[in-house]
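In: could you work out the structure for the sequence below:
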Amino acid sequence: MSDTDEAIFREVDDEVRTEEYKKIWDRFGKYFTGLAIFAVAAVAAFQGWKYYQVKQSEDAGVIYTDAVKKAADGKTDDAMAAFAAVHHVGYSQLAKLQEAKLLADKGDTDKAVAAYDAFAADAANDPALADLARIRAGYMLVDSKSPDELLVRLGKFDKDGQVWRNQVREIFGLSAYRTKDYAMADRFMRAIYGDAEAPAALRQRAQLMVQLIAPNLPKK
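Out: Sure, this is the predicted structure:
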């Protein structure tokens, strides 16, 4: 086949392809255009949503930080109002915990415990923060609840490997000491002191409690 023949075939082939593309466009062109518009709109909407999320987070962060400052300055009522105004998903959880802490600092133990319990019961909250709320409530109940009542509340944490095991052991031990169950108090405090992974401050408190409890134990 000569170069001329090849050129003619290529020209014809190009014309055929062009004609086929034209037919396809005539039939589906409006759909291609619609898809293109939709893709652009989707990208724009996504970018807009990202900006909105970032802006919401930044605004909530400013309100939360301001509330923390008010709390540190002793402006409790103003801080409570500011924390209540935080509606961002992440910051609002921290704000609720701070509200409960402020209630505790004011001496409103019942309200603080109720706030912590409500937070812990809300499945929408982060599980780690929910556990923190349970522990804080437990410490607040040491002076009013028996060891058995606290064991019902927090017994699941008293296991090796549990992050909060030593905190709940301190709660149980302090409650047992208050109710004069010195053997139980000694057992829990020794468990803390013997745990090398327990925070240093917690181990020191446990050691002091062991010494304080010792005179009340039966002589061997």
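In: can you pull out the helices in this protein?
Out: Listed in chain order, the helices of the chain (DSSP state H) span residues 3-72, 76-84, 89-105, 109-121, 127-140, 147-154, 165-178, 182-193, 200-213.
In: for R165, give me its contacts.
Out: Contact partners of R165, counting by Cβ atoms under 8 Å, 6 or more residues apart in numbering, are 157-159, 195. No exception for glycine: its C-beta is placed from N, CA and C like everyone else's.
In: how about 10 Å then?
Out: 154, 157-159, 191-192, 195, 197-198 (Cβ atoms under 10 Å, 6 or more residues apart in numbering).
In: cool, and L150?
Out: By Cβ under 10 Å, 6+ apart, the contact set of L150 is 137-139, 141-142, 144, 168, 171-172, 174-176.
In: one more: M209?
Out: For M209, the contacting residues are 170, 173-174, 177, 185-186, 188-190, 192-193, by Cβ under 10 Å, 6+ apart.
In: ok, the residues you listed vs A85, which is closest?
Out: E170 (34.8 Å; Cβ to Cβ).
In: got the confidence number for the closest one?
Out: Here, the pLDDT recorded for E170 equals 95.
In: how close does it sit to L202?
Out: 6 Å (Cβ to Cβ, to the nearest Å).
In: quickly list what's touching both of those two.
Out: What both E170 and L202 touch, as defined by Cβ under 10 Å, 6+ apart, is the set I192.
In: more neighbours: which of the two?
Out: E170 (23 against 16; other Cβ atoms under 10 Å).
In: so that one touches F188, yeah?
Out: Yes. Between E170 and F188 there is a contact under Cβ atoms under 10 Å: 7.2 Å.
In: any residues in contact with both of the two?
Out: 206, 209.
In: circling back to that earlier point, now the contacts of M209 in CSV, with distance to D105?
Out: Formatted as CSV, these follow (distance: Cβ to Cβ, whole Å):
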residue, distance to D105
E170, 20
G173, 24
L174, 19
Y177, 24
A185, 27
D186, 31
F188, 27
M189, 27
R190, 32
I192, 26
Y193, 29
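In: ok, back up a step: just the buried members of the contacts of L150?
Out: 137-139, 141-142, 168, 171-172, 174-176 (16 or more other Cβ atoms under 10 Å).
In: pLDDT weak spots in this protein?
Out: For the chain, applying pLDDT under 70 flags the ranges 1-61, 63-64, 66-67, 88-90, 220.
In: quickly note the distance from A137 to L150.
Out: Counting by Cβ to Cβ, the gap from A137 to L150 is 10 Å.
In: and for the two, which residues touch both?
Out: In terms of Cβ under 10 Å, 6+ apart, A137 and L150 are both contacted by the residues I171.
In: that older thread, farthest-apart pair in the buried ones among the contacts of L150, please.
Out: A137 and A176 (18.0 Å).
In: thinking A198 is in contact with F188, fair?
Out: No. If you go by Cβ under 10 Å, A198 and F188 don't touch, sitting 11.8 Å apart.
In: between the buried ones among the contacts of L150, which is closest to A206?
Out: L174 (10.3 Å).
In: hang on, isn't that closest one packed against A185?
Out: Yes. In this structure, L174 is within contact of A185 by Cβ under 10 Å, at 7.5 Å.
In: which neighbours do the two have in common?
Out: Common neighbours of L174 and A185 (Cβ under 10 Å, 6+ apart) are 147, 209.
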